[in-house]
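Visitor: this one's sequence-less:
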């Protein structure tokens, strides 16, 4: 398919700048892919579509405060440093993005507030990418504590068009977040509350956790018309035996296996056995999913509404069917659904 096929007009104000007052009070569009039928519900109604033995597959990654601000030595210029991933724990080497990049060269040092944290730029990776080495006297535990105190919640400011707020610390994190490593939230999971999870338990609906540490590549623009030529950034994932047992049992019983979010389904697709069951595996995946694609494990998908020409809307179209999803998006825009990380949800059955 072509990039231009995923271009659509998103009216001003369609991107949610803040989450719903309560997580489970977001709107929920239910899309039946066999017929294209659409229902308009509220997220707390989601369990009406599931029965005992069905499974929700959750991405339990935890967002860390990846955005930091440092001062360049000598000039004092303020530089945004966005932590992407740790390259070497012992040497404290990190892949980062810097802004403004033109001011940062190899050999420059950055100082962070009144703290003892200093970073030295040791390599250029991309136009904005750098490898930095943190210079810090202390234990690994003290180093990470300092990073957390200096960093802020990495909401995607280029889309949300606002500064980080105190409330983002809690709301830009799923309630079941467990394994630290993401620089962006798995947004479909942001709608779940403890009440919804308790109702699931009472109803006999199971959950299985996989981990995919969401990277900024999830939001990176596709800049080629021919989608087969687009390269996704690699993201680290872990699928453990316990999750496989739960999911495979549901598949054998012909139950619903609902991937909560595009990141969950990407981890699941990276862990498919020769018999179309989920197998324990871990590593890095750069799998780019767009139509047509045959999904091997999940038979329903919970996701948010995504921005035009994004890899996320392409994956959703692969799951629902291109024409059915594009029609649903037209309906969503007409009905005033909110898009992106803090927006409303879509359940594709």
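Guide: Nice, thanks for sending it over. Because the structure is a prediction, the values reported are computed rather than measured.

Visitor: does residue 29 count as helix, strand or coil?
Guide: strand (DSSP: H, G, I helix; E, B strand; the rest coil).

Visitor: just give me the neighbour total for it.
Guide: 20 (other CB atoms under 10 Å). All C-beta spots, glycine's among them, are computed from the backbone N, C-alpha and C.

Visitor: show me the beta-bridge partners of it.
Guide: With DSSP bridges as the criterion, residue 29 is bridged to residue 40, residue 346.

Visitor: so what's residue 42 up against?
Guide: 24-28 (CB atoms under 8 Å, 6 or more residues apart in numbering).

Visitor: can you name the two of those residues that are farthest apart?
Guide: Using CB to CB, these span at most 10.9 Å, a distance reached by 24 and 27.

Visitor: intersection of neighbour lists for these two?
Guide: Contacts common to residue 24 and residue 27, judged by CB under 8 Å, 6+ apart, are 42-43.

Visitor: which of the contacts of residue 42 count as buried?
Guide: 24, 26-28 (16 or more other CB atoms under 10 Å).

Visitor: return the member of the residues you listed nearest to residue 14.
Guide: residue 27 (12.7 Å).

Visitor: which stretches of the stretch 101-250 of the chain form helices?
Guide: 140-150, 157-160, 168-171, 194-203, 241-252 (DSSP state H, counting those that start in this stretch).

Visitor: can you put those in JSON lines and add distance to residue 131?
Guide: Below are the helices of the stretch 101-250 of the chain laid out as JSON lines (distance: least, CB to CB, whole Å):
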{"stretch": "helix 140-150", "distance to residue 131": "16"}
{"stretch": "helix 157-160", "distance to residue 131": "23"}
{"stretch": "helix 168-171", "distance to residue 131": "28"}
{"stretch": "helix 194-203", "distance to residue 131": "40"}
{"stretch": "helix 241-252", "distance to residue 131": "33"}
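
Visitor: mind giving me JSON lines with these and columns for mean neighbour count?
Guide: Below are the helices of the stretch 101-250 of the chain laid out as JSON lines (neighbours: other CB atoms under 10 Å):
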{"stretch": "helix 140-150", "mean neighbour count": "14"}
{"stretch": "helix 157-160", "mean neighbour count": "14"}
{"stretch": "helix 168-171", "mean neighbour count": "16"}
{"stretch": "helix 194-203", "mean neighbour count": "13"}
{"stretch": "helix 241-252", "mean neighbour count": "17"}
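
Visitor: and of these, who's closest to residue 300?
Guide: Among the helices of the stretch 101-250 of the chain, helix 241-252 comes nearest to residue 300, with 11.4 Å by CB to CB.

Visitor: residue 143 - nearest residue in space that isn't next to it in sequence?
Guide: What sits nearest to residue 143 in space, not counting adjacent residues and going by CB to CB, 6 or more residues apart in numbering, is residue 136, at 5.1 Å.

Visitor: so what strands line up beside the longest strand along the chain?
Guide: The single longest strand within the chain, with elements called by DSSP state E, is strand 78-88. Strand 78-88 pairs in its sheet with strand 67-72 (antiparallel), strand 93-99 (antiparallel), by DSSP bridges.
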